[in-house]
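1. give the three-dimensional model of this entry:
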Amino acid sequence: RARMGSRQKWQHFRIIDELRTRHSLSILLSYSGLSRSGYYKWKKSVPKQDNNEGILEYIKAIHSLRPFYGYRRITTTLHREGLIVNHKRVHRLMQKLGIQSVIRKKRRYVGKSGSIVFPNLLGRDFKSDVPGKKLATDITYLPTSSGFIYLSAVQDLHNTEIIAYSLSARNDLELVLATLSRLPAMPGAVLHSDQG
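-> Modelled structure (predicted):
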């Protein structure tokens with residue numbers, strides 16, 4: 001087995017942490033070839049609840065990805081990351097950063113001018129019996145010792161395999177285009193995005 005770099009290990013630990021609510025930690029570590037002590041060392045490096053600076057960085061990253069989120073939804077997202085923070089504190093920290101949620105305008109299909117909203121071709125049917133026909137894309141953030149990096153990925157909904165991804169220090173159009181450029185040819189595939 002080839003040795004992993006520190007960033008790759010960090011990403012594996014992050015994935016393991018997300019999966020451990022559904023799977024045994026021992027099995028996940030055994031499958032990935034990583035140690036339990038390494039996992040707990042990584043866990044300690046994640047910002048603690050009493051560390052305002054670390055939480056501020058998380059809030060900035062969440063807001064960058066989801067500008068429509070208010071303080072309550074950001075609080076919920078922090079909880080999912082394992083940071084149990086009071087919503088009043090999140091509201092106060094958002095004010096300190098000068099962050100406000102963007103009011104989402106009701107979207108309508110438009111004709112010659114204005115933004116284009118594409119129809120949701122999948123509806124709520126996110127299952128596929130055939131590989132390479134239904135794909136989903138999203139962006140998430142990954143905290144590192146030098147700040148956050150953004151991960152853009154495309155997943156095949158047939159088997160949940162990640163078929164293309166890209167990492168960047170910035171959440172912008174270039175990140176998305178870099179990911180799409182890595183997609184293999186899949187004629188007739190539908191690519192779903194939340195259009196956020």
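
2. burial measure for Leu180, as a count.
-> The burial count assigned to Leu180 is 14, neighbours taken as other CB atoms under 10 Å. Heads up, the C-betas are built off the backbone N, CA and C, glycines and all.

3. correct me, but it touches Ile163?
-> No - Leu180 lies out of contact with Ile163 (CB atoms under 8 Å); the separation is 11.1 Å.

4. anything in contact with each of the two?
-> Here Leu180 and Ile163 have Val154 as joint contacts, going by CB atoms under 8 Å, 6 or more residues apart in numbering.

5. how near is the residue lying closest to Asn52 once chain neighbours are set aside to Pro67?
-> With CB to CB, 6 or more residues apart in numbering as the criterion, Asn52 has its nearest non-adjacent residue at 6.7 Å, and that residue is Leu93. Separation of Leu93 from Pro67 (CB to CB, to the nearest Å): 16 Å.

6. now Glu81
-> For Glu81, the distance to Pro67 - CB to CB - is 18 Å.

7. follow-up on the earlier one: more crowded one of Leu93 and Pro67?
-> Leu93 (19 against 13).

8. what's near enough to touch that one?
-> Taking CB under 8 Å, 6+ apart as the criterion, Leu93 is in contact with Asn52, Ile55, Leu56, Ile59.

9. and if we set it to 10 Å?
-> For Leu93, the contacting residues are Asn52, Ile55, Leu56, Tyr58, Ile59, Lys60, Tyr71, Ile74, Val85, Ile99, by CB atoms under 10 Å, 6 or more residues apart in numbering.

10. nearest to Tyr31 among those?
-> For the contacts of Leu93, the closest approach to Tyr31 (CB to CB) belongs to Tyr58, at 27.9 Å.

11. list the buried ones in stretch 13-32?
-> Phe13, Arg14, Ile16, Asp17, Leu28, Leu29, Ser32 (16 or more other CB atoms under 10 Å).

12. separate out the buried members of the contacts of Leu93.
-> Ile55, Leu56, Tyr58, Ile59, Lys60, Tyr71, Ile74, Val85, Ile99.

13. any idea how far the spatially most central residue of the chain is from Gly33?
-> In the chain, the C-alpha nearest the mean C-alpha coordinate belongs to Thr140, at 1.9 Å (CA atoms, centre = their mean). Look at Thr140 and Gly33: by CB to CB, they are 23 Å apart.

14. re earlier: the residue nearest to Asn52: which element?
-> For Leu93, the host element (DSSP states H and E) is helix 87-97.

15. for this protein, just list every one of the helices.
-> Under the criterion DSSP state H, helices of the chain are mapped to 6-19, 25-32, 36-45, 52-65, 71-80, 87-97, 173-181.

16. mean pLDDT added to these, as a markdown table?
-> Converted to a markdown table, those look like this (pLDDT from 0 to 100):
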| stretch | mean pLDDT |
| --- | --- |
| helix 6-19 | 74 |
| helix 25-32 | 86 |
| helix 36-45 | 84 |
| helix 52-65 | 83 |
| helix 71-80 | 87 |
| helix 87-97 | 90 |
| helix 173-181 | 85 |
